[in-house]
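K.L.:
Sharing a sequence plus its predicted fold:
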Amino acid sequence: QVQLVESGGGLVQAGGSLKLSCEASIRTFNRYTMGWFRQAPGKEREFVAAITWSGGTTYGADSVKGRFTISRDNPRNTVYLQMNSLKPEDTAVYSCAAGPYLTAYASTYDYWGQGTQVTVSS
């Protein structure tokens, strides 16, 4: 049974930083692209960033470029999202996902975590 468990969310002031973690119970973790998505209240789920199985290629949404960094530690079966210069509009539930392709489309990801809340106060 595959499980993805996010952690690291919380309340932070605008301009602050948070680092999210997602630990995966996937035996073949190092074969999956990992992605982060977010969903704010009343809005559709939005792509944030993704990273290939090797960590050699990353892809981020324009709204977070220069502020968020995705990385992974394959021996630890963990993917991270370092978020700097946070803005109130970054407030959302952040979820990690695992899939075979480096895409921004949620439908291409096979496994999802439950999400962690990030709240940025102004």
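P.N.:
That came through, no problem. Numbering: from 1, shown residues only.

K.L.:
give the contact list for the most centrally placed residue in the chain.
P.N.:
For the chain, the residue nearest the mean C-alpha position is residue 36 (2.5 Å; CA atoms, centre = their mean). Residue 36 makes contacts with 20, 22, 48, 49, 50, 70, 79, 81, 94, 95, 96, 97, as judged by CB atoms under 8 Å, 6 or more residues apart in numbering. No exception for glycine: its C-beta is placed from N, CA and C like everyone else's.

K.L.:
Who are the packing partners of the helix or strand encompassing the third one?
P.N.:
If I follow you right, that is residue 48. Assessed by DSSP states H and E, residue 48 sits inside strand 46-51. Packing partners of strand 46-51 (3 or more CB pairs under 8 Å, 6 or more residues apart in numbering; DSSP states H and E): strand 33-39, strand 58-60, strand 68-73, strand 78-83.

K.L.:
Any chance you could list what contacts the worst-scoring helix or strand of the chain on mean pLDDT?
P.N.:
Every helix and strand of the chain was ranked by mean pLDDT, DSSP states H and E. The lowest is strand 58-60, at a mean of 91. With contacts defined as CB under 8 Å, 6+ apart, strand 58-60 is touched by 48, 49, 50, 51, 52, 68, 69, 70, 102, 104.

K.L.:
How far does that strand sit from its chain's centre?
P.N.:
Remark: strand 58-60 is offset 11 Å from the chain centroid, using CA atoms, centre = their mean, to the nearest Å.
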